[in-house]
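Trainee: Quick one, what's the 3D model for this:
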Amino acid sequence: MKWFLNSLKKLAKRKLFWVLAIVIVIIIILIIRSAGGPEVEYITEKVIRGDLVQTVSETGSVKAATDINLNFKGTGTIVEVNVVEGDEVQQNDILARLDAGNLEIQVRQAQANYNMALANYNKLIAGASEEDINVSEESTNNAFIAYENAKRDHEALLNKIEADIKAYEEAVKNAATSLQDTTNSYDQTILNSRTNLFTSLTSSLATADHALDIIEVVFNNKDLEGGFSVENLQAKISADHYYDIAREELPKAEDLLDNAKASLVKEDIIKAATDNLQALDTTKKSLDNTFLALSASTTTFYFNDAELDAYKATVKAEQAALDGAISSANNNYQAWLNSRLTFDSSVNTAQGNYETSVKNLETALANKELQIANSQSAMDNAFGSYNLSKAQLDLKKAPARSVDVAYYQAQVDQAQAALDLAYKNLDDYIIYAPINGLITFVNYDVGEQIGVGLTTAETKPVISMLGKGDFEIEVDVPESDIIKISIGDDANITLDAYGEDEMFYGQVVFIDLAETLIQDVVYYKVTVAFEPSELDIKTGMTANVDIITDKKESVLYVPIRSVKEDEEGNKYVEVLKLGGPSKLDIKTGLRGDQGIQILEGLEEGQEIITYKKEK
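Mentor: Have a look, this model is predicted:
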């Protein structure tokens, strides 16, 4: 025994021993795996090219924006105050004015200098010739242009008439063919619309079934269970309720669709389509309430913000896919119902086109000679007018030199710049309303002196106002998302008071540098400013804010759930090869709401594994 142990210790020190041991372990594992186990069904999707948007979604409440403080840029004595506290003002209204006597004189002087420079320039361009010479020259030029136009029009008319007649003849032929083709296409039209309907119904059922699988994954996540929908229990109840109904409706809808495909009876197709749309709508209600439940969920030690956001993004992507499936199914259903009516309309249109083309040809042939005669007469008259005008031009022209034109043009430009500067300086002595709003404070009266026009701790603004309809939303963004947000990012906003169908727009205007602790979780306050709206918005309204943090146009992307990461941090997806999954390395870019951008490793339309389901 002692000899055996010593020999084993010597073998353990050799690399070959460990290599053989690892190989034996791998073989044992493979044997165990191949011995049995459940059969796996692989769900695949194609790599998509499209627009990819990344958003950060949070909830806050509407509040009024801060006051706007207005001051003069210049100094002097106030001579005019046109508002009092409580006045409503419009953008660019003059609210107050300083004494600017010298500047007003400078503006008038600059205007006079500009008028003089412009008059000198116009005089140079007019030249030193007498007025009758200029009139004669202009008349000659106009007459020549008129003759050239008439000649060109005549030649074009001849070509057009011949081309029109050929086109009308071809149109008659094409219209007759189109009428015949339309008449013969009745059966094909019905067949195509029915085929499209069956295809869209089949695809929509698969989309709905996949959505229910995603909902089931969310429901069955034990790590999420503790915080799932705690802030909105009704959302979870509704999601679960509609999920159960949808699980019953989908198989029935599939059976009805199979029956409709077999019978091709109109009533069976209508029943299959309506039940399919009902099942899709029930699935959508479950999916929508699942997203609301996730949005109302709180994170825990076992389920963090990143995992919750990933679930939300996955459900949001399923919502978009299901909306598309519902829209496609409904559109194809309506198309099929209207196919016979469309056919009648098409035949009538084709018949009308044929009759119109025949009339156009008859009219063109009847008017051909008259059009040519009128065009020839107009060309002859234009040529005679040109010869008469040319004979009257006896004096030579006296054009200005280019160097003189440039000099006087420079004087006009210089005078214009001086005038613009004078007006700008004058504006420093006037306070304009920057936006529509309400005056809240007027801190100075006529006759008071104004120093430097900047607000400091020692000076008060001349006028304060609040923008009309000027609101903002303050939301708490977790530290995992704050690095995605920048000032100026656009935001889509919905208010609970107006529902999801009414969309408002805004921009990120402020990001707090200091953190805020909420239940020991780090958040940062982000302020989103509203764009003006005609609707009645009140402070305190609950606002749902989707901040657009990034966007990529026409890029390749795949579902988030299909991207995996190995122990070294390398990203990969799986594709079907020889009936099983095969690893394919990729490089990823933007992680958006619809999926993850693919930079390298995949091509558009390529099939990848997105879900594994044990049969």
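
Trainee: Where does pLDDT dip in the stretch 201-350 of the chain?
Mentor: By pLDDT under 70, the weakly predicted segments of the stretch 201-350 of the chain are 340-341, 343-344.

Trainee: try it again with 80
Mentor: Filtered on pLDDT under 80, the stretch 201-350 of the chain yields the residue ranges 339-348, 350.

Trainee: ok, which stretches of it are helices?
Mentor: For the stretch 201-350 of the chain, applying DSSP state H, counting those that start in this stretch gives helices covering 222-225, 233-263, 266-295, 305-337, 339-392.

Trainee: which of those helices sits most buried?
Mentor: Here the criterion is mean neighbour count by mean count of other Cβ atoms under 10 Å, and of these the winner is helix 266-295, at a mean of 21. For every residue, glycine as well, the C-beta is placed using N, CA and C.

Trainee: what's the angle from it to helix 233-263?
Mentor: Angle, helix 266-295 to helix 233-263, by axes from the mean of the first three to the mean of the last three Cα atoms, to 10 degrees: 160 degrees.

Trainee: Show me how far helix 266-295 is from its chain's centre.
Mentor: In this view, helix 266-295 has its centroid 27 Å away from the chain centroid, taken as Cα atoms, centre = their mean, to the nearest Å.

Trainee: try stretch 358-373
Mentor: 50 Å.

Trainee: what does that stretch contact?
Mentor: Outside of stretch 358-373, the residues within contact range by Cβ atoms under 8 Å, 6 or more residues apart in numbering are L157, L158, I161, D164, I165, Y168, E169, A171, V172, A175.

Trainee: make it 6 Å
Mentor: I161, D164, I165, Y168, V172 (Cβ atoms under 6 Å, 6 or more residues apart in numbering).

Trainee: Just the buried residues of those residues.
Mentor: Among these, those classed as buried by 16 or more other Cβ atoms under 10 Å are I161, D164, Y168, V172.

Trainee: Out of the residues you listed, which sit inside helices?
Mentor: For the buried ones among the contacts of stretch 358-373, the ones inside helices are I161, D164, Y168, V172, with DSSP state H as the criterion.

Trainee: how far away is the second one from G595?
Mentor: Read it as D164. Note on D164: its distance to G595, by Cβ to Cβ, to the nearest Å, is 54 Å.

Trainee: How about Q409: what's its closest non-neighbour residue?
Mentor: Using Cβ to Cβ, 6 or more residues apart in numbering and skipping the chain neighbours, the partner closest in space to Q409 is Y121 (6.2 Å).

Trainee: Quick check: that neighbour touching Y408?
Mentor: Yes. Because the distance of 4.2 Å satisfies Cβ atoms under 6 Å, Y121 is recorded as touching Y408.

Trainee: Let me know how buried G437 is, in neighbour terms.
Mentor: Neighbourhood size, G437 [other Cβ atoms under 10 Å]: 22.

Trainee: repeat for the one 3 residues further on
Mentor: The number of residues packed near T440 is 15, by other Cβ under 10 Å.

Trainee: what do you get for I24?
Mentor: Look at I24: counted by other Cβ under 10 Å, it has 10 neighbours.

Trainee: can you check E138 too?
Mentor: E138: 12 surrounding residues under other Cβ under 10 Å.

Trainee: So which other helices or strands are in contact with whatever helix or strand it lives in?
Mentor: Element membership for E138 (DSSP states H and E) is helix 131-184. If contacts are counted by 3 or more Cβ pairs under 6 Å, 6 or more residues apart in numbering; DSSP states H and E, helix 131-184 sits against helix 339-392.

Trainee: what angle do the helix it packs on and helix 131-184 make?
Mentor: For helix 339-392 against helix 131-184, the angle by the same axes, to 10 degrees is 160 degrees.

Trainee: Next SSE downstream of helix 339-392?
Mentor: Following helix 339-392 in sequence, per DSSP H and E, is helix 402-427.

Trainee: Strand partners (parallel or antiparallel) of the helix or strand following that next one?
Mentor: Counting by DSSP H and E, the next helix or strand C-terminal to helix 402-427 is strand 430-432. Note on strand 430-432: by DSSP bridges, its sheet partners are strand 94-98 (antiparallel).

Trainee: what about the partner strand, average pLDDT?
Mentor: Mean pLDDT, strand 94-98: 88.

Trainee: tell me the domain ranges of the protein?
Mentor: Using automatic domain parsing, the domain ranges for the chain come out as 2-37, 68-99+429-466, 108-127+399-425, 186-341, 470-614.

Trainee: Export these to JSON lines and append columns for distance to I43.
Mentor: Output for the domains of the chain, formatted as JSON lines (distance: least, Cβ to Cβ, whole Å):
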{"stretch": "domain 2-37", "distance to I43": "19"}
{"stretch": "domain 68-99+429-466", "distance to I43": "53"}
{"stretch": "domain 108-127+399-425", "distance to I43": "66"}
{"stretch": "domain 186-341", "distance to I43": "7"}
{"stretch": "domain 470-614", "distance to I43": "4"}
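
Trainee: sorry, back to before: any idea which of the helices of the stretch 201-350 of the chain gets closest to L584?
Mentor: helix 305-337 (21.1 Å; Cβ to Cβ).

Trainee: which secondary structure elements does the closest one contact?
Mentor: So helix 305-337, by 3+ Cβ pairs under 6 Å, 6+ apart, packs with helix 186-219, helix 266-295.

Trainee: Okay, angle between it and helix 186-219 too, please.
Mentor: 160 degrees.

Trainee: D275 is in contact with A253, isn't it?
Mentor: Yes. Here D275 reaches A253: they are 4.7 Å apart, a contact under Cβ under 6 Å.

Trainee: if we can go back for a sec, wait, which of the domains of the chain is closest to S61?
Mentor: When the domains of the chain are compared (using Cβ to Cβ), the closest one is domain 470-614, at 5.7 Å.

Trainee: Quick one: mean pLDDT for the closest one?
Mentor: The model assigns domain 470-614 a mean pLDDT of 85.

Trainee: can you check stretch 388-396 too?
Mentor: Stretch 388-396 comes out at a mean pLDDT of 69.

Trainee: Show me what counts as buried in the helix or strand hosting the residue nearest to Q409.
Mentor: Per DSSP H and E: Y121 is located in helix 101-126. Residues of helix 101-126 classed as buried: L103, Q106, V107, A110, N113, Y114, A117, Y121, L124 (neighbour count, 16+ other Cβ under 10 Å).

Trainee: likewise stretch 409-422?
Mentor: Q411, V412, A415, A418, L419, A422.

Trainee: Leaving out chain neighbours, which residue sits closest to the fifth one?
Mentor: The reference is to L419. Computed as Cβ to Cβ, 6+ apart, the closest residue to L419 that is not its neighbour in sequence is A110, at 4.2 Å.
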